[in-house]
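**Q** sharing a model that was predicted from the sequence below.
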Amino acid sequence: MRATEKALMARGMDSVSAAKLAQDGWTLNKLKLASEAELKALGLVEGFIKALLKEQRPPIPIDNLMKVLFDNRFQCCVCRDPKQSIIVHHIDEWAHSRSHNIKNLAVLCLQHHDKAHTRSTLSQNLDAATLRGLKAGWESEVKKRDAESIYAAMRLEYSNWNYINELRVFEIANKLKIDFSSVKYFFNASAAGVIDSDGMPIPVNNDELFYMYQGAAVLQRYHYIANVFNEVVKRIPIVNVSDFLDKGVLGFALVPGEFIFVQGKHIFSPIENRHKYQGRGQICEGVRRANEVEVRFVFDRWEATSSSAQSQWLTGTRDQGSLVHVKDLSREEGRLVIRGTVLGIGSNFGDLKTREYAQSWLEWMPTRQEDDDIDDDWLDDE
């Protein structure tokens, strides 16, 4: 999303009009220098022209703008139609509230934006209380859809986890107060002696093994651990960023502490003990890079769940899906770098990169690139 689009939407323009002006080479400064007649010729409405030339109201801060757009997946919170042009609306009018706070912003299509400014006796009015309820409902639904789609993908017949961070997964499971005895395969794992009486996995401390899930009772261990992981996924809010790898969006939309899922081409490379192939300490870095966004995490390949995972699926460049707990976001050499703790890396989850409620945003994005940089005027001042 180009800076011009963000600047115009921050001043009350709808998404389609903003994208058209940016595509035609207009910037905010050029528009401010144009005459009123030129602006009318571009199809701008009188109210926007007046606001643009006099700039009486400060624009919505870009971080607030992008956060509310992303949280609503660039769709109207009323009709949720991905094909509609959208506008960011002040729930409590700016003239009274003087607030650009995220809680006071709602994403509406043009039709429902008009309705929000109209009072009717024949249908439900989109008053402040109604809008807040619709906004909260849609934002909750978006997160629910992400988690449900990921959980459903995990249950596909050929899906599997190539790596599970047992320590972190069980830390989260304990915080969520998951009853381990109710988890599928608990009794199998207990009978096999791979978990203790509390349901916690018994550490494997055999440096002669090439990978942790090797030897006796590995299937009982894997199935139990994977099902605990599934229970965690069902209970935590997850943001599927696979369709939104754009630094101009995620740089404002994500915050440390969130859980994200990212699918696509990952690069796995050893960063410590490069020639160590057995025992603990096969430390590797995983990177998912696209559109000047990098998701980075470190893991021990010794915790691979199979020999093929250790030697093939967690080596080199592979199409994988990873669930990451975000720890830090930084801007480095023009890229947005998201660092976190990986909870799991898996494959055969179907196509989680394309979701219905992502389509309106995907239409705005330039042609997707896996590694090449895309100039989106990210840090340009208008």
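**A** The structure has been received and is ready for your questions.
**Q** helices and strands of the chain: which one has the lowest mean pLDDT?
**A** Ranking every helix and strand in the chain by mean pLDDT, DSSP states H and E puts helix 359-364 at the bottom, with a mean of 50.
**Q** mind checking the end-to-end distance for stretch 173-185?
**A** Between the opening and closing residues of stretch 173-185 we find a distance of 16 Å, counting by Cα to Cα, to the nearest Å.
**Q** check the offset of the longest strand belonging to the chain from the chain's centre.
**A** Among the elements of type strand in the chain, defined by DSSP state E, the one spanning the most residues is strand 316-332. Its chain's average C-alpha position is 11 Å from that of strand 316-332, according to Cα atoms, centre = their mean, to the nearest Å.
**Q** how about Asn273, nearest residue that isn't a chain neighbour?
**A** With sequence-adjacent residues excluded and distances taken as Cβ to Cβ, 6 or more residues apart in numbering, Asn273 is closest to Gly281, at 5.3 Å. Just so you know, the C-beta spots here come from the backbone N, C-alpha and C atoms, and that holds for glycine as well.
**Q** counting neighbours, which bits of the longest strand of the chain end up buried?
**A** Of the residues in strand 316-332, those buried by neighbour count under the rule 16 or more other Cβ atoms under 10 Å are Arg318, Gln320, Gly321, Ser322, Leu323, Val324, His325, Val326, Leu329.
**Q** now those residues in a markdown table, with pLDDT and distance to Ser97?
**A** Compiled in a markdown table, the buried residues of strand 316-332 are given as follows (pLDDT from 0 to 100; distance: Cβ to Cβ, whole Å):
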| residue | pLDDT | distance to Ser97 |
| --- | --- | --- |
| Arg318 | 95 | 50 |
| Gln320 | 94 | 46 |
| Gly321 | 93 | 42 |
| Ser322 | 95 | 41 |
| Leu323 | 95 | 38 |
| Val324 | 97 | 37 |
| His325 | 97 | 35 |
| Val326 | 97 | 31 |
| Leu329 | 95 | 29 |
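**Q** is Asn205 in a helix, a strand, or coil?
**A** Look at Asn205: counting by DSSP: H, G, I helix; E, B strand; the rest coil, its state is coil.
**Q** an error on my part: the question was meant for Ala37.
**A** Ala37 is classified as helix under three-state DSSP.
**Q** check Val107 too.
**A** In terms of secondary structure, Val107 is strand; the call rests on three-state DSSP.
**Q** from here on, count from 12
**A** In the new count, where the first residue is 12, that last one comes out as Val118.
**Q** regarding this protein, what is its longest helix?
**A** helix 139-165 (DSSP state H).
**Q** state the pLDDT value of the residue with the largest distance to the centre of the chain.
**A** The outermost residue of the chain, judged against the average C-alpha position, is Ala48 (42.0 Å), by Cα atoms, centre = their mean. Per-residue confidence at Ala48 stands at 87 (pLDDT).
**Q** how many neighbours does Glu159 have?
**A** 13 (other Cβ atoms under 10 Å).
**Q** how about Leu363?
**A** Leu363 has 19 neighbouring residues, counting by other Cβ under 10 Å.
**Q** which non-adjacent residue is nearest it?
**A** Spatially, and ignoring its direct neighbours in sequence, Leu363 is nearest to Gln274 (4.8 Å; Cβ to Cβ, 6+ apart).
**Q** who does the helix or strand the one you found falls within touch, helix- and strand-wise?
**A** Applying DSSP states H and E as the criterion places Gln274 in strand 270-281. Judged by 3 or more Cβ pairs under 8 Å, 6 or more residues apart in numbering; DSSP states H and E, strand 270-281 is in contact with strand 249-251, strand 294-301, strand 327-343, strand 346-358.
**Q** show the average pLDDT along the last one.
**A** Going back to what we said before, that points to strand 346-358. This predicted structure assigns strand 346-358 an average pLDDT of 96.
**Q** show me what contacts the most centrally placed residue in the chain?
**A** Among the residues of the chain, the smallest C-alpha distance to the mean C-alpha position (Cα atoms, centre = their mean) belongs to Val252, namely 2.9 Å. Contact criterion Cβ atoms under 8 Å, 6 or more residues apart in numbering gives Leu261, Leu265, Ile271, Phe272, Val273, Val306 as the residues in contact with Val252.
**Q** ok, the fifth one - contacts?
**A** Which is Val273. Contacts were defined as Cβ under 8 Å, 6+ apart; by that measure Val273 touches Asn251, Val252, Ser253, Leu256, Arg299, Val306, Gly332, Ser333, Val335.
**Q** swap in the first one?
**A** Leu261 makes contacts with Phe81, Val252, Phe255, Val304, Leu340, Leu347, Ile349, as judged by Cβ under 8 Å, 6+ apart.
**Q** so which helix or strand takes in it?
**A** With secondary structure defined by DSSP H and E, Leu261 is part of helix 258-264.
**Q** make JSON lines out of the contacts of Val252 and add distance to Gln231 and pLDDT.
**A** Shown next, in JSON lines, are the contacts of Val252 (distance: Cβ to Cβ, whole Å; pLDDT from 0 to 100):
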{"residue": "Leu261", "distance to Gln231": "39", "pLDDT": "89"}
{"residue": "Leu265", "distance to Gln231": "37", "pLDDT": "90"}
{"residue": "Ile271", "distance to Gln231": "30", "pLDDT": "94"}
{"residue": "Phe272", "distance to Gln231": "27", "pLDDT": "93"}
{"residue": "Val273", "distance to Gln231": "30", "pLDDT": "94"}
{"residue": "Val306", "distance to Gln231": "32", "pLDDT": "97"}
